[in-house]
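Enquirer: generate a structure from the sequence data that follows.
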Amino acid sequence: MSRRLGDHAIVVGGSIAGLIAARVLADYFAQVTILERDHIEPHPAVHRSTPQAHHLHAVQVGGIRVLAALYPGFCEKLSQMGAVPLRLTRDFPVYRPDGVAFSLTGTVREPRDLGLQLFGQSRALLEHCLRQCTLTLPNVSAQCDAQVEHLIAHRGHVEGVFYKLEGEPRSLMCDLVVDCGGRGSRAPRWLNELGFSAPEETIIGVDFAYSSTKFHIRDHDGDLSPFSFVVGPPPHYTRGGALARIENDTWLVSLGGRFHDYPPRDHAGFMAFAEALPAPRIYDVIKHAERIEPIAHFRFPTSVLRHYERLKSFPERFLVLGDAISSFNPVYGQGMSSAALQAQALQTILAERAESPDGLDGIANVFFPKAADVISTPWTLAANLDFAFPQTTGARPPVPQEILRYFTTLDQITAEDVEIHRILVEVVGLARPLTDLWDEPVRSRVLARMNQLDGTA
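Expert: As a prediction, the model looks like this:
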């Protein structure tokens, strides 16, 4: 039994990040209360504050591993609820202008079972499963229709929150507040109210939007994979799409576009956009299928990274986690897994603090640098892909030609080296840090290939 770090912890926000954070906190606090501003249905449903939930969502390999560790039997439960098991990269064909591949770059041309498990499901089902798992813990409770308005603090020490429950003002005292309020987090404003500085922000203008809907596909051919992408290499192709089998024998189609080339919201426009993708696969599958839901549209103008790790002072007993720190371009499916990995970092810190006389004192100074380390891999990967388009705005990090050559060579090696391919997929899937691509066995094999190419030049 872990030593308690306090009697009560409050989590602001009961979505993916908030639920996982509550699970971690439950080992170290007598009581954990989740305050969620939306009304939560007792079944899988899209909530008002997550309009993006209509669209394609995936937990990456790194996120799945965290959830499986935090919730024993989680993968089995998710599958029993209807999620479709998938294997990387066997079940992920990529339809490109130059044919079918099993990597986004087109280098790997044959399906491989890399032993890496993912699932296809709606965001609503995933969140419902997580909520059920979290709220089975006897010391975790959730209050919906609860909008947190302000922090309660005394001399820079957070002691609770003011919130409205169905419009009625309330207060709740605690030993720790963790804000998982998502992209719209009020933490920067709360810091200003308490006399602290708001964090600096790095903003990348990605100007991305997607439209999604569900289909029944009854008469598909036998080789229809449970998860397919349609993409073209940047910067010439700004459109893409995905077709995923999810629960209840339905298929989710998400079409995306950048820089005002957005997928339409009407059926005729949606189908025309699908037909004009870099490859016709999705259109060919759905052109005679039955659409069973309205077409949902969501625009994502900017990726935002808040640098809490740079603040020189921060309130005691207050943390921020998930999209409230880093809001990623959703096309890469990184946000939920990043939140899970941040929660895992918090778990490690809490375990250390449980054995230390410091307790919760100064915990923000330890957590935010570790969270920044976690975020570094997905943020760097996404930024490099986004900046492949000249229309993307923001400070472009310089990338030396030698680095570009290294990664081009690494990608080429994946065509015949399954081990290197698996390592690369695990890095992209947030199961390994980006630095692993510079370590052995990757480094020596890439340098050897580069030397070989130099010798044949």
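Enquirer: CA atoms for contacts and neighbours, from now on please.
Expert: OK.
Enquirer: which residues does the most centrally placed residue in the chain contact?
Expert: The centroid of the chain falls nearest to residue 335 when counting by C-alpha atoms, centre = their mean (1.8 Å). Each residue near residue 335 by C-alpha atoms under 8 Å, 6 or more residues apart in numbering is listed here: 322-323, 326-328.
Enquirer: one more pass at 6 Å, please.
Expert: For residue 335, the contact set (C-alpha atoms under 6 Å, 6 or more residues apart in numbering) is empty.
Enquirer: from residue 69, how far out is it?
Expert: 19 Å (C-alpha to C-alpha, to the nearest Å).
Enquirer: scan the protein for its longest strand.
Expert: For the chain, the longest strand by residue count, based on DSSP state E, is strand 200-216.
Enquirer: send me that one as PDB with only the CA atoms.
Expert: This file holds the C-alpha atoms of strand 200-216, laid out as PDB (Å, rounded to 0.1, in the frame of the first residue of the first chain):
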ATOM      1  CA  GLU A 200       5.000  31.100 -22.800                       C
ATOM      2  CA  GLU A 201       3.400  29.400 -25.800                       C
ATOM      3  CA  THR A 202       4.800  27.900 -29.000                       C
ATOM      4  CA  ILE A 203       2.200  28.000 -31.700                       C
ATOM      5  CA  ILE A 204       2.200  26.300 -35.100                       C
ATOM      6  CA  GLY A 205      -0.400  27.300 -37.600                       C
ATOM      7  CA  VAL A 206      -1.500  24.000 -39.200                       C
ATOM      8  CA  ASP A 207      -4.900  25.100 -40.500                       C
ATOM      9  CA  PHE A 208      -6.300  21.600 -40.600                       C
ATOM     10  CA  ALA A 209      -9.900  20.500 -40.700                       C
ATOM     11  CA  TYR A 210     -11.700  17.200 -41.100                       C
ATOM     12  CA  SER A 211     -15.200  15.900 -41.700                       C
ATOM     13  CA  SER A 212     -16.300  12.500 -40.500                       C
ATOM     14  CA  THR A 213     -19.200  10.100 -40.600                       C
ATOM     15  CA  LYS A 214     -20.100   6.500 -40.200                       C
ATOM     16  CA  PHE A 215     -21.200   3.900 -42.800                       C
ATOM     17  CA  HIS A 216     -22.500   0.400 -42.900                       C
END
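Enquirer: I'd like the next helix or strand past that strand.
Expert: The helix or strand immediately downstream of strand 200-216 is strand 227-230, counting by DSSP states H and E.
Enquirer: please state the mean pLDDT value computed over stretch 400-408.
Expert: Stretch 400-408 shows a mean pLDDT of 93.
Enquirer: next one: stretch 104-111
Expert: Here the average pLDDT along stretch 104-111 is 96.
Enquirer: pull out the buried positions in that stretch.
Expert: 104, 106, 108, 111 (16 or more other C-alpha atoms under 10 Å).
Enquirer: with stretch 89-98 instead?
Expert: Those would be 89-97, for stretch 89-98 by 16+ other C-alpha under 10 Å.
Enquirer: could you do stretch 355-372 as well?
Expert: Buried residues in stretch 355-372, counted by 16+ other C-alpha under 10 Å: 359-360, 363-365, 367-368, 370-372.
Enquirer: quick one on the thing from earlier: let me know the closest of the buried residues of stretch 104-111 to residue 9.
Expert: Nearest to residue 9 among those: residue 104, at 42.2 Å, using C-alpha to C-alpha.
Enquirer: what kind of secondary structure is the closest one in?
Expert: Secondary structure state of residue 104, per DSSP: H, G, I helix; E, B strand; the rest coil, is coil.
Enquirer: ok, now how distant is it from residue 126?
Expert: Taking C-alpha to C-alpha, one finds residue 104 at 25 Å from residue 126.
Enquirer: which residue is the nearest non-sequential neighbour of residue 7?
Expert: Closest residue in space to residue 7, ignoring its immediate chain neighbours: residue 30 at 4.8 Å, by C-alpha to C-alpha, 6 or more residues apart in numbering.
Enquirer: helix or strand for that neighbour, which one?
Expert: Using DSSP H and E, residue 30 sits within strand 29-35.
Enquirer: CA atoms of that strand as CSV?
Expert: Written as CSV, here are the backbone C-alpha positions of strand 29-35 (Å, rounded to 0.1, in the frame of the first residue of the first chain):
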residue,chain,number,x,y,z
PHE,A,29,-4.9,10.2,-1.9
ALA,A,30,-7.7,9.0,0.3
GLN,A,31,-10.2,10.6,-2.0
VAL,A,32,-10.1,11.8,-5.6
THR,A,33,-12.9,13.9,-7.1
ILE,A,34,-13.3,14.6,-10.8
LEU,A,35,-15.1,17.8,-11.7
